[in-house]
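[1] I would like the atomic coordinates for the input below:
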Amino acid sequence: MRAPSDFRLLLAAFAVGLSLWAASCAVPLGPGYTIEKQQFQVRFVAQPEPRIRIEADYQLKNTGNQPLHELELRLPGRRRFHYENPSAQWDSATLVLGESRDNPRNSILTLSEPWTMSSRHSLRLAVEFSPPREGEPSLSFSSDAFFLPAAGWSPELLPPGGLFASGGVPPKLWELLVAVPEGFQIHTSGVQKKSARRNGEFSIQAEQGPKDPYPFVIAGRYKTAQLGKGREKIHLWARELEESERLHEVDAAFTRVAEAYNAAFGERSKESEQTWIVECPVLTNCFTNLNPATARLLGEEEKEAVTAEMISQDTMVADFSGGEPELASAAAPSLAASWLGYGQNPAFFEQGPPLSLLPAFAAAIGREAAEGRDSRGETIRNALRLIPVEAKPHQAESPSVLRAKSFLFFYALQDQYGREMFRKAIEHMLYARRGRGFELSDLISAFEQEDPRRNAAEFVRNWMKHPGVPEEFRVRYEGTAAAAAQSKQETTP
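    Numbering: from 1, shown residues only. Model prediction:
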């Protein structure tokens, strides 16, 4: 038993810690500042050459325990956007942007005078995007349409260096102003509060809040149509739209896709019931998520480019050149991101196997629904051909085999637990980890919560920790031992 004096010492230490914590709420423990007000302005000019002007205005207060001599920030990536000579103003003085010593991706603003404690200053950052030069990978846009995807295009203020540093967090509410030529459609993050038309220009003011961590803008001279039934609504934006009869086909296909995703992963939240599908301003450099390995799993070895991509939680850009009837099938894989957590689970697209193949599994479900056919067995057999029948027990599997195996893992989960329990478990995992990302342990916990009698961890180990796929799975889908032998012959070099 602990001596009374020891207990008193522990109690005293706890009291000191509690007082320090309470004091930290009022007294800063390190260098820092607060963004009291923030406003971004996006102005699109079509002539003589299209360009996008970005201006970010901040009202800042030093709320730290020491003067500051510089500000660190992150400007838009030059590989994603083409621009030259960004500018910065501190109050009315022009500042020079220098490269960070610790991270070349960041920039440093050296202040001419120390930023004293409790003092306030204004900061304006400005940059102008131009269409990329030939051969550049930068985001492309035209004189009649452009988009700025969630994350990457707006400046980002960073906290200063030092222990217990703070700063760079946007205020709870701030404004995004967008100005475009008259006749443009506009869709942005946030809640639209005002709109105006003046001197041939159309502008809106959209209030951004905690649910809009990464602002986005898409605008252009588009014709619009609304599709969807019940809760799910699709806003179709294109330069030209097919006759209404063909739009009915598109409507039916998107309805099937939404129903398939709801059945597989659970319904989206009410905040995600609407989706904008917008024609790419320029097809060149419109997409970034080309993945030939995933295309092969979906039976599309000949496909050389993606045709749709989510740019925010509710908006995707798409290739309309194939016509609207093919649009639902092309858009289905990207649309799955809205169910699986785009903009909600930050590390979703950085997962390792098998979770990294959940989007491919979703893509297969969506394409099958869009095309109105049941190709589950065919998809599984195609993927099985990529996995050797007799794998060497102590040899690491190749990346292509591991991808195929991870892809099939989700079909095996459906078989093991049934589609209804699969839906409940995936829905639980996505909801519980929204905004924080998820790991394989979260998947295991979700299935064990739905069915405590089964050992989900053991099922995962049997699939992922042993070479090849379980024999009973292969036989189930390839039919007979003869079929399995044929598959072995096809995969033998």
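
[2] Skip the chain neighbours and tell me the closest residue to Phe320.
    Nearest residue to Phe320, sequence neighbours excluded (CB to CB, 6 or more residues apart in numbering): Glu279, at 4.4 Å. Where C-beta positions appear, they are placed from N, C-alpha and C, glycine not excepted.

[3] Run through the bridge partners of that neighbour.
    Glu279 has these beta-bridge partners by DSSP bridges: Ala318.

[4] which residues sit in contact with it?
    The contact partners of Glu279, by CB atoms under 8 Å, 6 or more residues apart in numbering, come to 145, 220, 222, 237-239, 317-320.

[5] where's the dip in pLDDT among the residues you listed?
    Among the contacts of Glu279, Phe320 carries the lowest pLDDT, at 86.

[6] which SSE is that one in?
    Under the criterion DSSP states H and E, no helix or strand holds Phe320.

[7] One more: Leu71?
    strand 68-74.

[8] can you list contacts of that strand?
    31, 33, 62, 100, 105-111, 114-115, 123, 125, 155-161.

[9] Can you show me the CA trace of that strand as PDB?
    This file holds the C-alpha atoms of strand 68-74, laid out as PDB (Å, rounded to 0.1, in the frame of the first residue of the first chain):
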ATOM      1  CA  LEU A  68       6.900  36.700 -34.500                       C
ATOM      2  CA  HIS A  69       9.500  37.600 -37.200                       C
ATOM      3  CA  GLU A  70       8.100  35.500 -40.100                       C
ATOM      4  CA  LEU A  71       5.100  33.600 -41.300                       C
ATOM      5  CA  GLU A  72       5.200  30.200 -43.000                       C
ATOM      6  CA  LEU A  73       2.600  29.300 -45.600                       C
ATOM      7  CA  ARG A  74       1.900  26.900 -48.400                       C
END
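
[10] Turn the contacts of Glu279 into CSV, including neighbour count and distance to Glu245.
    CSV is the format used below for the contacts of Glu279 (neighbours: other CB atoms under 10 Å; distance: CB to CB, whole Å):
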residue, neighbour count, distance to Glu245
Ala145, 25, 26
Gly220, 26, 25
Tyr222, 23, 21
Trp237, 24, 20
Ala238, 18, 16
Arg239, 14, 20
Val317, 26, 25
Ala318, 25, 21
Asp319, 19, 22
Phe320, 24, 17
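
[11] in the sheet, who's paired with Leu227?
    Ile234.

[12] Report the contact partners of it.
    233-236, 247, 250-251, 254.

[13] Now with 7 Å, please.
    234, 236, 247, 250-251, 254 (CB atoms under 7 Å, 6 or more residues apart in numbering).

[14] hang on, the earlier thing: pLDDT on the helix or strand that the strand holding Leu71 is followed by, on average?
    Per DSSP H and E, the first helix or strand lying C-terminal to strand 68-74 is strand 82-83. On average, the pLDDT along strand 82-83 is 94.

[15] Tell me which residues of the helix or strand just after strand 82-83 come out buried.
    Next helix or strand after strand 82-83 toward the C-terminus (DSSP H and E): strand 87-90. Neighbour counts over strand 87-90 (16 or more other CB atoms under 10 Å) mark 88, 90 as buried.

[16] now stretch 77-95
    Neighbour-count burial for stretch 77-95 flags 80-83, 86, 88, 90, 95 (criterion: 16+ other CB under 10 Å).

[17] As CSV, these with distance to His466 would be great.
    Compiled in CSV, these are given as follows (distance: CB to CB, whole Å):
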residue, distance to His466
Arg80, 41
Phe81, 46
His82, 49
Tyr83, 51
Pro86, 53
Ala88, 57
Trp90, 61
Leu95, 59
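
[18] Looking at these, which one is closest to Ala360?
    Minimum distance to Ala360 across these is 24.4 Å, recorded for Arg80 (CB to CB).

[19] Contacts only, for the closest one.
    Arg80 neighbours (CB under 7 Å, 6+ apart): 138-139, 152.

[20] Lowest-confidence member of these, which is it?
    Gly152 (86).

[21] Nearest residue to Pro67 in space, please, no chain neighbours.
    Pro114 (3.9 Å).

[22] Between strand 68-74 and the helix or strand hosting that neighbour, find me the angle.
    Assigned by DSSP H and E, Pro114 falls within strand 107-115. Orientation note: strand 107-115 sits at an angle of 160 degrees relative to strand 68-74 (axes from the mean of the first three to the mean of the last three CA atoms, to 10 degrees).

[23] Relative to the whole chain's centre, how far out is strand 107-115?
    In terms of CA atoms, centre = their mean, to the nearest Å, the centre of strand 107-115 is set 33 Å apart from its chain centre.

[24] and Phe410, what are its phi and psi?
    phi -70, psi -30 (degrees, to the nearest 10).

[25] Can you give me the neighbour number for the closest residue to Arg105 other than its chain neighbours?
    Using CB to CB, 6+ apart and skipping the chain neighbours, the partner closest in space to Arg105 is Arg74 (6.5 Å). Residues near Arg74, counting by other CB atoms under 10 Å, number 17.

[26] List the ones among the contacts of Leu227 that fall in strands.
    Secondary structure from DSSP state E places 234, 236 of those in strands.

[27] ok, of the contacts of Leu227, which one's closest to Pro353?
    Nearest member of the contacts of Leu227 to Pro353, counting by CB to CB, is Phe254, at 30.1 Å.

[28] Tell me the confidence at that closest one?
    87.

[29] ditto for the one 10 residues further on
    Per-residue confidence (pLDDT) for Ala264: 92.

[30] Use 730 as the first number for this chain going forward.
    Yes, from this point I'll number from 730; that puts the last item at Ala993.

[31] How much space separates the closest residue in space to it that isn't next to it in sequence from His1195?
    Once flanking residues are discounted, Ala993 sits nearest to Ile1094: 5.4 Å by CB to CB, 6+ apart. When distance is defined by CB to CB, to the nearest Å, Ile1094 is 26 Å away from His1195.

[32] where in the stretch 880-1029 of the chain is pLDDT low?
    Applying pLDDT under 70 to the stretch 880-1029 of the chain flags residues 958-959, 972-973, 998-1001, 1018-1029.

[33] need the helices for it, in chain order.
    Secondary structure of the stretch 880-1029 of the chain (DSSP state H, counting those that start in this stretch): helices located at 973-994, 1021-1026.

[34] just so I know, which of those helices lies nearest Pro1062?
    Going by CB to CB, the one of the helices of the stretch 880-1029 of the chain nearest Pro1062 is helix 1021-1026, 8.3 Å.

[35] hang on, the earlier thing: Glu1002: which of the contacts of Glu1008 is nearest?
    Minimum distance to Glu1002 across the contacts of Glu1008 is 17.5 Å, recorded for Trp966 (CB to CB).

[36] residue ranges with poor pLDDT in the stretch 1080-1222 of the chain?
    By pLDDT under 70, the low-scoring segments of the stretch 1080-1222 of the chain are 1162-1166, 1209-1222.
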